[in-house]
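Q: the following block contains a protein sequence and its predicted model.
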Amino acid sequence: MGQTLYVWLLCACLLFWLMGVHNRLMRLRARALAILSALEKQVSSGIVPLQHRLVASPADTSNNASDEYRAEWLQALRLMEEVWAAPRRDRLDIDVQQQRTESWAKLMTAWSAWVSAPPDLAGPCVPDSFRLEWEASTAKVIVISDALNAILKDYNEGVSEPPACWVAHFFGFKVSALIGIK
């Protein structure tokens, strides 16, 4: 009778430990998804509307180099919008995070080229009000992505440290790539 009691106690402790590991991973994943949703919302409500505002404003036809940089930036912004708005089964998947990082890097490269284009007689290629609005929106995206990366680091540690990694593998938790927004 005494040995079966110990076996049942051991099984109960093991079951509660498994539930604790699972719940911790679920909490970390839920926090990461919540911050990722905030990041996606900031991109869709803060960055993408700038494209529509810029397309609605007439282009300065006196500076052809500026128009090329502007067109490259708009193309990179449209690509980023497609990548970020695409429906995904697993939003924390490594490939998805890499696509987001690459689209952001292309957008920022195009932005840097456009902003650093030499001014013409009418002034800078990028209007100051638009540049300030862009910098404010990108600063918010960077802050949110830093918070996301901090949570993803905790999540990745939880998924990859033994013995919790066995539970994570059993329940389908996977390591997620950090998002490279700078």
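A: Structure received.
Q: phi, psi for L178 please.
A: Here the main-chain torsion angles of L178 (degrees, to the nearest 10) amount to phi -70, psi 150.
Q: pull the number of nearby residues for it.
A: The number of residues packed near L178 is 16, by other C-beta atoms under 10 Å. In short, each C-beta sits where N, CA and C put it, glycine included.
Q: what's the pLDDT at the nearest residue to it once chain neighbours are set aside?
A: In this structure, L178 finds its nearest non-sequential neighbour in N149, 4.6 Å apart by C-beta to C-beta, 6 or more residues apart in numbering. At N149, the model reports a pLDDT of 96.
Q: helix or strand with the lowest mean pLDDT in the chain?
A: Lowest on mean pLDDT, DSSP states H and E among the helices and strands of the chain sits helix 48-56, with a mean of 76.
Q: packing partners of the helix or strand hosting V21?
A: Using DSSP states H and E, V21 falls within helix 2-42. Other elements packing on helix 2-42 under the criterion 3 or more C-beta pairs under 8 Å, 6 or more residues apart in numbering; DSSP states H and E are helix 128-160, helix 164-171.
Q: for the longest one, the distance to its chain's centre please.
A: It stands for helix 128-160. Mean-position distance between helix 128-160 and its chain equals 7 Å (C-alpha atoms, centre = their mean, to the nearest Å).
Q: do the same with stretch 115-123
A: Here stretch 115-123 is found 32 Å from its chain centre; the criterion is C-alpha atoms, centre = their mean.
Q: quick check: end-to-end length of it?
A: Counting by C-alpha to C-alpha, to the nearest Å, you get 12 Å between the two ends of stretch 115-123.
Q: buried residues, it. List them.
A: A117 (16 or more other C-beta atoms under 10 Å).
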